[in-house]
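Student: predicted model, plus sequence, below.
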Amino acid sequence: MDAAALWQRYQDWLYYHEGLEFYLDISRMRFDDSFVAAMQPKLDKAFKEMDALEKGAIANPDENRMVGHYWLRNPELAPTPEIKQEIIETVEQIEAFVSKIHSGEIHPPDARKFTDIISIGIGGSALGPEFVAEALAPDNAPLDIHFIDNSDPAGIDRLFSKLKDRLYRTLVIVISKSGGTPEPRNGMIEVQNAYAKQNLNFSAHAVAVTGTGSKLYNVATSENWLATFPMPDWVGGRTSELSAVGFVPAALQGIDIREMLAGAKEMDIATRKPDLKTNPAALLALAWYFAGNGRGEKDMVVLPYKDSLLLFSRYLQQLVMESLGKEKDLDGNIVYQGIAVYGNKGSTDQHAYVQQLREGVPNFFMTFIEVLEDRQGSSVEIDPGVTSGDYLSGFLQGTRQALYEKKRDSITVTIPQVNPRTVGALIALYERAVGFYGFMVNINAYHQPGVEAGKKAAAEILDLQKKVMEVLKENASLSLSEIAEKAGQPDQVEAIYKLLRHLSNNDRGVILQGNLAQPSSLKASLQG
Ligand SMILES: O=P(O)(O)OC[C@H]1O[C@H](O)[C@H](O)[C@@H](O)[C@@H]1O
């Protein structure tokens, strides 16, 4: 295609939203009109299913759940008056609580105000809050946020050593929809222990965000924590940023959650239109379908050219991959669906892997995220008439062009500024695009059966560890296969080897002797 034809194609496919000052350009995806025509029935199906979903259909059939994150930004859409009321009240409760924290009306027992937050959660209960904190927390936030999003003792210690003199004025938010996920539970117990060591009353510092009636809910209410905010059943973890999950930490940092809701609501209105060319989520889903033949054959590389959007691709990883990565379609056929997502930020990543993207295996499509405003205030000239922002903008355009020359497709999303409204809009855009795409390829985008297998296997390893420790207590020194026999798990020698190796490296009283390069030669015993 020559330059004039490309320029025409750009204009033919450009989507612009006036209210949000938002652009979407899919002109550098090389589909043709016949592809678009062939996709129309799938698009029509997706529009219809999306409409039913918003009206409260059981869009997550195997969990028998409604999918209601769209109601969060427009409670009028909620299928019952009770749900509508719950949505409105939760935001009001969050705002009332947050203003009391900011004013010091609610304060820690030994200080006038809370100054820091430890936010404990994983998956959907961490990625949204982390992304939004990085994108939107003001320089002088009323509270500084820190995250525990893993079960890594060294990671937790690093945070404790940073906060040890501030724990007494740190608010702890434990976020878990199910209230039973091991990682946040572990994080909570670690933090409780740290408070106990300093003779601090944990409950006077703690807030929960969880489903009513969950284990965490029961702990928080019976221990009289400062507050508990509900996480409704009809909001999935990966679409929970605009619920209490995202809003409690965001509002505490002084981020305008009403503006996030307003941006999302406006994007929802745009992405509800049953017309491809005026619906940016449908355009995105179409582009994804084209890129990977509706089978995820190409990876989605997401490169925001803005430091504050660094965690967007990580956030999208869960939203896209947990939603679309499915073994079976809705009719039970094996389909192995999904789209892999990765990326950090530009131009930084140009100096890491863009070499492969331009010249190596062509197994991806790019999404550039462009922010029109370079910075607030004026810029110094790096070269005559040129600022660092001009460079960044040039790098984006240059990479887009260089990729296209090599037949590597790209999408460009352009926002005027990184602010609560545009971030809310971006979240809503991708939530809807994922939903559309899910319907286009006929999968349930709202469950995650594959995550359970790893959790179950981990629980079995921990049970095995208990059995192995019992065996060692009763015996002087045993080979790994003897331990496996005595534990009644003869098939689990390798798992036993691995857990003993771990214990022996962590002062847990386990001694492993023998040739470490030949695990079958090892004998294990307990110290003392
Ligand atoms: O919020 P929670 O119930 O603790 O869940 C946290 C996360 O863990 C699970 O394993 C799911 O795969 C995620 O979708 C979820 O966001």
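Tutor: Everything's here; your move.

Student: near the ligand, which residues of the stretch 51-200 of the chain are found?
Tutor: Within the stretch 51-200 of the chain, the positions adjacent to the ligand are Ile122, Gly123, Gly124, Ser125, Ser176, Lys177, Ser178, Thr181, Pro184 by C-beta under 6 Å from any ligand atom. C-betas here are computed from N, CA, C, even on glycine.

Student: please redo it, this time with the cut-off set to 5 Å
Tutor: Selection of the stretch 51-200 of the chain residues close to the ligand by C-beta under 5 Å from any ligand atom yields Gly123, Gly124, Ser125, Ser176, Lys177, Ser178, Thr181.

Student: mind checking which of the residues you listed are buried?
Tutor: Gly123, Gly124, Ser125, Ser176, Lys177, Thr181 (16 or more other C-beta atoms under 10 Å).

Student: quick one: Pro108 is in a helix?
Tutor: No. Assessed with DSSP: H, G, I helix; E, B strand; the rest coil, Pro108 is coil; it does not lie in a helix.

Student: how close does the nearest residue to it once chain neighbours are set aside get to Ala220?
Tutor: Nearest non-adjacent residue to Pro108, counting by C-beta to C-beta, 6 or more residues apart in numbering: Arg169, 5.1 Å away. Between Arg169 and Ala220 the distance, using C-beta to C-beta, to the nearest Å, works out to 20 Å.

Student: more neighbours: which of those two?
Tutor: Ala220 (24 against 20; other C-beta atoms under 10 Å).

Student: quick one: contacts for that one?
Tutor: Applying C-beta atoms under 8 Å, 6 or more residues apart in numbering, we find Ala220 in contact with Val174, Ala206, Val207, Ala208, Thr210, Thr228.

Student: how many residues are close by the third one?
Tutor: Here the count is done by other C-beta under 10 Å, and Val207 has 24 residues near it.

Student: use 54 as the first number from now on
Tutor: OK, 54 is where the count begins now, so the last one is Val260.

Student: quick one: what helix or strand has the residue in the stretch 454-581 of the chain that the ligand sits nearest to in it?
Tutor: Proximity to the ligand, evaluated over the stretch 454-581 of the chain using C-beta to the nearest ligand atom, is greatest for Val504 at 3.7 Å. Element membership for Val504 (DSSP states H and E) is helix 502-527.

Student: any idea how far that helix is from the chain center?
Tutor: 27 Å (C-alpha atoms, centre = their mean, to the nearest Å).

Student: ok, Tyr68 touching Ala335?
Tutor: No. In this structure Tyr68 lies outside contact range of Ala335 using C-beta atoms under 8 Å: 9.7 Å.

Student: who's more crowded, these two?
Tutor: Ala335 (26 against 19).

Student: picking that back up, quick check: the two most widely separated of the contacts of Ala273?
Tutor: Greatest spatial distance among the contacts of Ala273 (C-beta to C-beta): Ala259 and Thr263, at 11.9 Å.

Student: what is in contact with these two at once?
Tutor: Val227, Ala273.

Student: in terms of neighbours, single out the busier of the two.
Tutor: Thr263 (28 against 25).

Student: now the residue of the stretch 304-453 of the chain found nearest the ligand: which helix or strand?
Tutor: Relative to the ligand, the nearest point of the stretch 304-453 of the chain is Glu375 (5.6 Å; C-beta to the nearest ligand atom). Following DSSP H and E, one finds Glu375 within helix 365-377.

Student: contacting residues for Ser446?
Tutor: Tyr358, Glu423, Asp427.

Student: 10 Å - rerun?
Tutor: Neighbour list for Ser446: Tyr358, Ser400, Glu423, Val424, Leu425, Asp427, Thr440 [criterion: C-beta atoms under 10 Å, 6 or more residues apart in numbering].

Student: ok, the second one touching Arg453?
Tutor: No. The pair Ser400 and Arg453 fails to qualify as a contact (C-beta atoms under 10 Å) at a distance of 12.0 Å.

Student: overlap in contacts of these two?
Tutor: The contact lists of Ser400 and Arg453 share Leu356, where a contact means C-beta under 10 Å, 6+ apart.

Student: quick one: which of those two has more around it?
Tutor: Between Ser400 and Arg453, counting by other C-beta under 10 Å, Arg453 is the more crowded of the two (20 against 17).

Student: wait, what's in contact with the more buried one?
Tutor: Arg453 touches Asp78, Arg81, Leu356, Met419, Phe421, Glu423, Arg461, Ser463, Ile464, Thr465, counting by C-beta under 10 Å, 6+ apart.

Student: from Arg453, how far out is the nearest residue to the first one once chain neighbours are set aside?
Tutor: In other words, Asp78. Residue nearest to Asp78 in three dimensions, not counting chain neighbours: Thr465, with 4.3 Å by C-beta to C-beta, 6+ apart. Distance of Thr465 to Arg453, computed by C-beta to C-beta: 7 Å.

Student: swap in Asp197?
Tutor: In terms of C-beta to C-beta, Asp197 sits 36 Å off from Arg453.
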